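In: got a sequence here, can you model it:
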Amino acid sequence: MSSALHLAVTEPLAAAARRLLIIHNPVAGRRRRGLMGRVVDVLRQGGADVVVVETTGPRDAERLATLAATGALTQGRIPDAVVASGGDGTINEVVNGLLAAPTLAPPALGLIPLGTANVLAAELDLPSGVADLARTLAGAVPRTIHAGRANGRLFTMMAGVGLDAHVVEGVDPAVKRRLGKGAYVLESLAQIARWPSPRYHVVTQDAAGRRQEHEAASCIVAKGHFYGGRFVCAPDARLDEGGFHVCLFTDGGRLAALGYGAALVAGRLARWGALGGNEGRRGLGYRVVPAVRVRIEGPLGDPVQGDGDTIARLPVDMETAAPFRVLAPPLRPVSRLP
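Out: This is a model prediction of the structure:
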């Protein structure tokens, strides 16, 4: 018996009677394929009631989540939580399915992160060990967070237009399964080499109703402060608050795109935003503005990525969606940049 499994068995799980339905994407997590099975073993040995269903293709997790929220997959007994076992795309589908269910109070969302980036899991500060993850699913007090909505489609962490959306749409799934994050690096370089530098018109409205218009080479509408893993675009964004932090990349061209990527990896991009668009220093144009509603126009039909998948086409309107509950540790305060 592994040390993690032994620890979980010898120390009873809190709220062991919690009913969990796990929606598992068997294609996700080639490098973490055994994690879901180990977590399920710990949960069941701790007394939790666990049912596992597998997806069979795109949008199947969404369909299963809607059914799960009504008890249709568990003989009429509505689970306490529906757990997304997969990457950020699987989680996105499950959230869309839960909030589309014909019920006023859908089950809480749980996560077993198996994907390439696992951005929502990082934002929620989920533990990575088998025993601690099982305890979170079995006993964590649900936290309320807010999703965004883009042309009717929900996203939990971010939605974007421009270079990152074209990279997301262009990544070959087979290469992604083999190379993980490396597939995005290769596709980014390929996109930059042929990038036509379109411009996007971004209209934001803040909580006071003030409307602003912006021009940008790319735009990321953030719900949380992490992006693409643990890179930071919007350092003050919080999942438990409504509204967005709109990240505006104002400089166009291939060199600017490379510069933005380097600044993101080096942790400098958010500091530029904190300085209000690089006032008083040299660097790329970058600003973060708060908003409760966003409209983006640009090349007709250009992709809009949400949580790492294409979820809409331009033009796009975004707003905060209904809040939902998630099994996670208490959200920690977002650290401000100096």
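
In: so where is the stretch 1-150 of the chain shaky, pLDDT-wise?
Out: 1-16, 29-31, 33 (pLDDT under 70).

In: all strands for it, in order.
Out: Using DSSP state E, counting those that start in this stretch, the strands of the stretch 1-150 of the chain run over 19-24, 49-54, 81-86, 108-113, 142-150.

In: can you tell me the strand partners of the very next helix or strand once past the last one and which way each runs?
Out: In this case it means strand 142-150. Toward the C-terminus, strand 142-150 is succeeded by strand 153-155 as the next helix or strand (DSSP states H and E). Strand pairing for strand 153-155, using DSSP bridges, gives strand 142-150 (antiparallel).

In: quick one: work out the angle between the partner strand and strand 81-86.
Out: Here the directions of strand 142-150 and strand 81-86 differ by 60 degrees (axes from the mean of the first three to the mean of the last three CA atoms, to 10 degrees).

In: and the angle from strand 142-150 to strand 108-113?
Out: Using the same axes, to 10 degrees: strand 142-150 against strand 108-113 is 80 degrees.

In: to what extent is Ala105 buried, counted in neighbours?
Out: 10 (other CB atoms under 10 Å). C-beta: built from backbone N, CA, C; applies to glycine.

In: do I have it right that Met157 meets Gly228?
Out: No - the criterion here is CB atoms under 8 Å, and Met157 misses it with Gly228 at 9.8 Å.

In: shared neighbours, these two?
Out: Val119 (CB atoms under 8 Å, 6 or more residues apart in numbering).

In: who has more neighbours, the two?
Out: Between Met157 and Gly228, counting by other CB under 10 Å, Met157 is the more crowded of the two (26 against 21).

In: quick one: contacts for that one?
Out: Met157 makes contacts with 88, 119-120, 123, 222-224, 226-227, 307, as judged by CB under 8 Å, 6+ apart.

In: how near is Arg177 to Val27?
Out: Between Arg177 and Val27 the computed distance is 7 Å (CB to CB, to the nearest Å).

In: and if you look at Ala183?
Out: 14 Å.

In: more neighbours: these two, which one.
Out: Comparing Ala183 with Val27 by other CB under 10 Å, the one with more neighbours is Ala183, at 20 against 16.

In: which strand or helix spans that one?
Out: Ala183 belongs to helix 181-193, assigned by DSSP H and E.

In: could you list the buried residues of the helix or strand following that helix?
Out: Using DSSP H and E, the helix or strand that follows helix 181-193 towards the C-terminus is strand 200-205. Applying a neighbour-count criterion of 16 or more other CB atoms under 10 Å, one finds 200, 202, 204-205 buried in strand 200-205.

In: sheet partners, orientation included, of strand 200-205?
Out: Here, using DSSP bridges, strand 200-205 pairs with strand 211-216 (antiparallel), strand 293-297 (antiparallel).

In: out of these, nearest to Ala237?
Out: strand 293-297 (13.5 Å; CB to CB).

In: ok, and what's touching that closest one?
Out: With CB under 8 Å, 6+ apart, strand 293-297 has contacts from 161, 200-205, 219, 221, 244, 246, 304, 314-319.

In: repeat that with 7 Å
Out: 161, 200-205, 219, 221, 244, 246, 314-319 (CB atoms under 7 Å, 6 or more residues apart in numbering).

In: now swap in stretch 118-133 and tell me
Out: Against stretch 118-133 from outside (CB under 7 Å, 6+ apart): 4-5, 7-8, 35, 38-39, 42, 87-88, 91, 111-113, 136, 156-157, 224, 226-230, 239, 326, 328-329, 332.
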